[in-house]
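*Asks:* The sequence and its predicted three-dimensional model are supplied below.
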Amino acid sequence: MKDLPGSQILNQVSHYYLIGLLGLSLWGAPLASLTMASGYQPQNSSSPNGPTGSTGTRGCPAASVMPLTALAPQSHVGKTVSTYPTFFWYGPDTNSSTIGFNLYAVNEAGESELLWQETLTAMPGLMHYTLPSTAPGLVAGRQYRWEVELLCYPDRPSSLLRADAYIEVVPSVSTRGAGQLAEAGIWYDALAVALATPSTPEWLELLGSLAQLEPATTDGQTLSQRDRLQLVIDHERS
């Protein structure tokens, strides 16, 4: 994996996060428990209550090389066992110094209610944000949409990039390790565990298994989530 500035902040996704929020114990876990066996396998997945996707590339040349991408499912709602989960995305190298994070509760009619927003320092490559304890915690049985917004050029509104995905809370599972969480369909937590050791290939294998589940582009022009995830994988492996 490249030594990207965005990767450095992943040191904050520590074993304390994994133990406290996921109820997992990785200190004594063998390395094999982090290996992707069968990859990500969604279980009883829900469809998003509204549209998802990434927008904006024309006003931002950097995004045509590496688009702003939510590292999460878009064809279905990704799951977590944490009420204060961690969200991951991958971004281009732009002139912007900040990126906006927004979290919405979405009802069955697709109506959104803003629950939390925060402005973060923008970095190219891999980034993450953990919902703080001062924010409203996620509630089981509800769908939430999170998004990140980045102005490629701060003085040019047409250069706005946006990426989003859905998330829902499910009951805790008696599993440990990224591979087992992935097989149980707990996407967000599987990725968080895999990225606790970002120098290993497990997180890229996890992204690859998700990419294969996302629909391919049909018009030959628009980048699908499958395409975007593959670009991230290729960039990290180059």
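*Replies:* Structure received.
*Asks:* in what helix or strand does the nearest residue to residue 47 once chain neighbours are set aside lie?
*Replies:* Leaving aside its chain neighbours, residue 47 sits nearest to residue 76 (6.3 Å; criterion: CB to CB, 6 or more residues apart in numbering). Every residue, glycine included, has its C-beta placed from N, CA and C. Using DSSP states H and E, residue 76 falls within no helix or strand.
*Asks:* okay, residue 76: pLDDT?
*Replies:* Per-residue confidence for residue 76 comes out at a pLDDT of 97.
*Asks:* just residue 49 next, same as before
*Replies:* 86.
*Asks:* How about the contacts made by it?
*Replies:* Applying CB atoms under 8 Å, 6 or more residues apart in numbering, we find residue 49 in contact with 106, 107, 108, 109, 110, 143, 166.
*Asks:* quick one: the residue of the chain positioned farthest from its centre and residue 122, what's the gap?
*Replies:* The outermost residue of the chain, judged against the average C-alpha position, is residue 155 (27.4 Å), by CA atoms, centre = their mean. Remark: distance between residue 155 and residue 122 (CB to CB, to the nearest Å) = 15 Å.
*Asks:* quick one, helices of the protein?
*Replies:* 5-8, 15-22, 61-65, 178-183, 187-194, 202-211, 225-237 (DSSP state H).
*Asks:* who are the neighbours in contact with the closest residue to residue 48 other than its chain neighbours?
*Replies:* Here the nearest residue to residue 48 in space, its sequence neighbours aside, is residue 166; by CB to CB, 6+ apart that works out to 4.4 Å. Contact criterion CB under 8 Å, 6+ apart gives 48-49, 52, 72-74, 76-78, 106, 143-146 as the residues in contact with residue 166.
*Asks:* of the residues you listed, closest to residue 195?
*Replies:* Of all the contacts of residue 166, residue 195 sits closest to residue 72, with 12.8 Å by CB to CB.
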